[in-house]
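Undergrad: sharing a model prediction with you, sequence too.
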Amino acid sequence: MRRHRDQVRMSTPDPTDVHPAWLPDEAWRAIGVRRILVCGEGALVDTVQAEVERAADRYGGTARRNPTEADLPPADLVLALTDALPPDSSPATEPGPPETLTATATATATAVATAIAQLGTATAQLGESLGVEGFALARHAGVTVVLADAPAGLLYGLFELVRLGEAAFGPTHPVRVHRPVMARRMLDHWDNVDVHPVMGQVERGYAGGSIFWQDGRPRGDVARVTAYARLLAACGINAVSVNNVNVHAIEARLLTERLDDVVDLADLLRPYAIRVHLAVTFAAPVVLGGLPTADPLDQAVRDWWAETTARVYARIPDFGGYLVKADSEGQPGPFSYGRDHADGANLLAEALAPYGGVVHWRAFVYNHRQDWRDRSTDRARAAYDHFAPLDGRFRDNVIVQVKHGPMDFQTREPVSPVIAAMPGTRLAVEFQVTQEYTGQQRHVCYLAPWWSEILRFAPWGDDGRTVADVAAGGGGLVAVSNVGDDRFWTGHPLAQANLYAFGRLCWNPRLRPQEVLDEWIDLTFAPDARVDPELLRRTLHEIMDDSWRTYERYTAPLGVGFMVRPGHHYGPDVDGYEYTPWGTYHFADRDGVGVDRTRATGTGFTGQYPPPWSELYESIDTCPDELLLFFHHVPYGHLLHSGSTVIQHIYDTHFEGVREVEAMCRRWEWLARLVDPAVHARVTERLAEQVRCAREWCDQVNAYFHRKSGIPDAHGRALH
Ligand code: GCV
């Protein structure tokens, strides 16, 4: 790295100060004690080599690169690109040492040849090769073999070994092929280069400052960014957007005069197979290029984007592309010129196409200045109303990025109807790892069960296709990052699990959330768990598995959403958004609560779904309890499928939620001797705040509905 590197090195903090998250040294032990061969060329293979060397140095193993055929040393682990192997060991039909290798007669040669032969059979059966990111893993004759067709696959194979630990060196097993389900696995940072007067350094960031930027400059923390890249690769992320989608004045210039700053980040992320993307302002031709217009159909505007993009690729040949929030919450967009979002997105896509870049164009477009008195305008409808009619008009390298729900990352929402409405468009589904509405990394809230539910949702009912299928066939998954310069990366140490789980669900959305949590626990806590790893694992599951539902219980009920403090969105404020222009209402009165989004009597939003959901959500009899108030306005005495009335459900779940958080605190105390004292102290402090806040939620929500409805709690508890 050129410019900043030297000045940066001096200011880089001691990397030991930063928590290792899911890559502590101990996680490398099983690899580090082995005799390792790495075969292949290229920068990512160099990364693999450096990683195994580091592990071997620490734990007494050996790591050799590209041994010759004549001198194939004994090995316990071989990581090889298929084209780096001797020609005669290319896929054969029968396992067995190829002739050129028999001279060495080593188990290494036999194992490699066997793995290659099995790989040939496995890929022939699958009808596909390993692809650029896939790998095959086998164990034969006491040797573990990882094969990949391309260097990124070798890197992901290495991290699979880290996950497996000693299990990678157990009994013989035939080749297992691993390939990511999502080709695009992206994290968006809402990091500002300069500190924003309201939103700070990181918009909706709950883990301190940005790891990339500080007070208008690059932060220059090489060690931390490198550690981050490593963590992301280890959970499967392959793309990062490095600045906020709300692009302010300084941030806009990353595209032009501040491009060097982006080049530097790309250089740090590239060794871990992560491509850099940039959020750009649609008004760039005006604010940066001095043109009188940013009209997407204007030739001078098109030329400006083409020339600017050429300059970006001249400096960053593997640049991923642009990310755009347009005509949304004050950001400029094509509407100013009487154009639509296909015109806008295609303009940028045209500029990126010659280089293989993509534009992620967000579908989060709605009127944030609506009149709360007007009950016919429904924010939930907005993305579909704007985008569904444009289906088929976007260029191939446009990815329309859709928030998973129709509103805004609430604790519970239905799946966005846009996901089923644009079969002729590449869609990416967007999640929020940063916990804006789910406890702001002060509350334990393991989000993988929620994401998993969304990914498994079948928008067309029983035809078998899921949200994950739509994303896999289109633009993949994207999430808003939750990291900052906090010592534990995520403020709440247990929030690391959300970042890890997002990456793993991108790789394979069929993984069960508890399984992913096990992986994370074993990697992260293994070194401190010698006392009683089972107790540690069980207790963390008890605290985390259901923590999203616990959070749901003590916050806004039955899918109605919001009820948070306006602006910062932390803590309860039942009417906080009720009389504002933001379109986020619950409509509680003395008789009932909820938003009527039916076709029969409401906003008609249910009609944006295909059957069976259009019918299921429309009817109060079939609408799932957990979404009842999202779709219907009902009296407090309405009987839920659970057998409880709406009002009693509100009282019960809120008391229950608080009890569950109190139980989390007791459980965490048991772990005092089992985890790093600094982690223990931080989580203890956060749990104390979670209990306080959960009680406040419980008291405010219950008092509010008691006062509105006048209905007492059936169990006679105090309602204030
Ligand atoms: C980056 C919500 C958040 C905003 C965020 C916006 C978005 O409205 O509160 O901070 O802006 O979503 O996704 O663009």
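TA: Noted; the coordinates are in hand. No experiment lies behind these values; they were computed from the predicted model shown.
Undergrad: near the ligand, which residues of the stretch 201-350 of the chain?
TA: Proximity of the stretch 201-350 of the chain to the ligand (Cβ under 6 Å from any ligand atom) is limited to residues 203-204, 245-246, 325. (Glycine included, C-beta is placed from N, CA and C.)
Undergrad: now, which of those residues lie within strands?
TA: If you go by DSSP state E, those have nothing in strands.
Undergrad: list only those of those residues flagged as buried.
TA: 203-204, 245-246, 325 (16 or more other Cβ atoms under 10 Å).
Undergrad: any idea which of those is closest to His586?
TA: Nearest to His586, judged by Cβ to Cβ, of those is Arg204 at 22.1 Å.
Undergrad: wait, that closest one touches Val433, no?
TA: No. Using Cβ atoms under 8 Å as the test, Arg204 is too far from Val433 to be in contact (10.5 Å).
Undergrad: intersection of neighbour lists for these two?
TA: Both Arg204 and Val433 are contacted by Val480, under the criterion Cβ atoms under 8 Å, 6 or more residues apart in numbering.
Undergrad: name the SS class of Val38, please.
TA: strand (DSSP: H, G, I helix; E, B strand; the rest coil).
Undergrad: check what pLDDT it gets.
TA: On the pLDDT scale, Val38 is placed at 97.
Undergrad: which residues touch it?
TA: Contacts for Val38 (Cβ under 8 Å, 6+ apart) come out as 45, 48-49, 52, 63-66, 79-80.
Undergrad: check contacts around Phe587.
TA: Phe587 makes contacts with 375, 593-595, 633, as judged by Cβ under 8 Å, 6+ apart.
Undergrad: so Val595 makes contact with Phe631?
TA: Yes. In this structure Val595 lies within contact range of Phe631 using Cβ under 8 Å: 7.3 Å.
Undergrad: any stretches of the stretch 401-550 of the chain with poor pLDDT?
TA: For the stretch 401-550 of the chain, applying pLDDT under 70 flags the ranges 527-531.
Undergrad: would you map the helices across it?
TA: 448-456, 467-472, 496-507, 513-525, 533-544, 547-554 (DSSP state H, counting those that start in this stretch).
Undergrad: separation between Arg362 and Phe282?
TA: 11 Å (Cβ to Cβ, to the nearest Å).
Undergrad: on that earlier part again, for the contacts of Phe587, name the two members farthest from one another.
TA: For the contacts of Phe587, the farthest-apart pair by Cβ to Cβ is Arg375 and Val593; their separation is 14.1 Å.
Undergrad: the more surrounded of these two?
TA: Using other Cβ atoms under 10 Å as the criterion, Arg375 and Val593 rank with Val593 on top: 26 against 14.
Undergrad: ramachandran angles for that one?
TA: Torsion angles at Val593 (phi, psi; degrees, to the nearest 10) stand at phi -150, psi 160.
Undergrad: then Leu255?
TA: phi -70, psi -20.
Undergrad: please report how far the closest residue to it other than its chain neighbours lies from Ala314.
TA: The shortest distance from Leu255 to any non-neighbouring residue, by Cβ to Cβ, 6 or more residues apart in numbering, is to Val280 (5.4 Å). From Val280 across to Ala314, the span is 17 Å (Cβ to Cβ).
Undergrad: mind checking which of these two has more residues around it?
TA: Applying other Cβ under 10 Å to Val280 and Ala314 shows that Val280 carries more neighbours, namely 27 against 11.
Undergrad: which helix or which strand is home to Leu629?
TA: Assessed by DSSP states H and E, Leu629 sits inside helix 628-631.
Undergrad: right, and the helix or strand after that helix?
TA: By DSSP H and E, the next helix or strand past helix 628-631 is strand 634-635.
Undergrad: that following strand: partners in the sheet, and parallel or antiparallel?
TA: When pairs are called by DSSP bridges, strand 634-635 turns out to pair with strand 592-593 (antiparallel).
Undergrad: pLDDT on the helix or strand just after the strand it pairs with, on average?
TA: Using DSSP H and E, the next helix or strand after strand 592-593 towards the C-terminus is helix 613-618. The pLDDT scores in helix 613-618 average 98.
Undergrad: okay, helix 613-618 in PDB with CA atoms only?
TA: What follows is helix 613-618, C-alpha atoms only, in PDB (Å, rounded to 0.1, in the frame of the first residue of the first chain):
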ATOM      1  CA  TRP A 613     -50.300 -15.300   1.000                       C
ATOM      2  CA  SER A 614     -52.600 -12.700  -0.500                       C
ATOM      3  CA  GLU A 615     -55.500 -14.800   0.900                       C
ATOM      4  CA  LEU A 616     -53.900 -15.900   4.000                       C
ATOM      5  CA  TYR A 617     -52.900 -12.500   5.200                       C
ATOM      6  CA  GLU A 618     -56.200 -11.000   4.000                       C
END
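Undergrad: which residues sit against that helix?
TA: 414, 459, 461, 597-600, 606-609, 622-624, 627, 631.
Undergrad: redo that, cut-off 6 Å
TA: Defining contact as Cβ atoms under 6 Å, 6 or more residues apart in numbering, one finds that helix 613-618 is touched by 598, 606-607, 622-623, 631.
Undergrad: hmm, which of those residues are the buried ones?
TA: 598, 606-607, 623, 631.
Undergrad: what count of nearby residues applies to the closest residue to Tyr446 other than its chain neighbours?
TA: The spatial neighbour of Tyr446 that comes closest, neighbours along the chain excluded (Cβ to Cβ, 6+ apart), is Met544 at 4.2 Å. Using other Cβ under 10 Å, Met544 has 24 neighbouring residues.
Undergrad: was I right about Met544 contacting Leu447?
TA: No. Judged on Cβ atoms under 6 Å, Met544 makes no contact with Leu447 at a distance of 10.1 Å.
Undergrad: which stretches of the stretch 1-150 of the chain form helices?
TA: Applying DSSP H, counting those that start in this stretch to the stretch 1-150 of the chain gives helices spanning 5-11, 29-32, 43-59, 99-102, 107-126.
Undergrad: tell me the gap between the second one and the middle of its chain.
TA: In terms of Cα atoms, centre = their mean, to the nearest Å, the gap separating the centre of helix 29-32 from the centre of its chain is 28 Å.
Undergrad: now tell me what touches that helix from outside.
TA: The set of residues external to helix 29-32 that reach it, using Cβ under 6 Å, 6+ apart, is 55-56, 58-59, 61, 161, 165-166.
Undergrad: mind doing that once more with 8 Å?
TA: For helix 29-32, the external contacting residues (Cβ under 8 Å, 6+ apart) are 52, 55-61, 77, 158, 161-162, 164-166, 168-169.
Undergrad: surely the residue nearest to Tyr446 touches Leu517?
TA: Yes. The criterion here is Cβ under 8 Å, and Met544 meets it with Leu517 at 6.1 Å.
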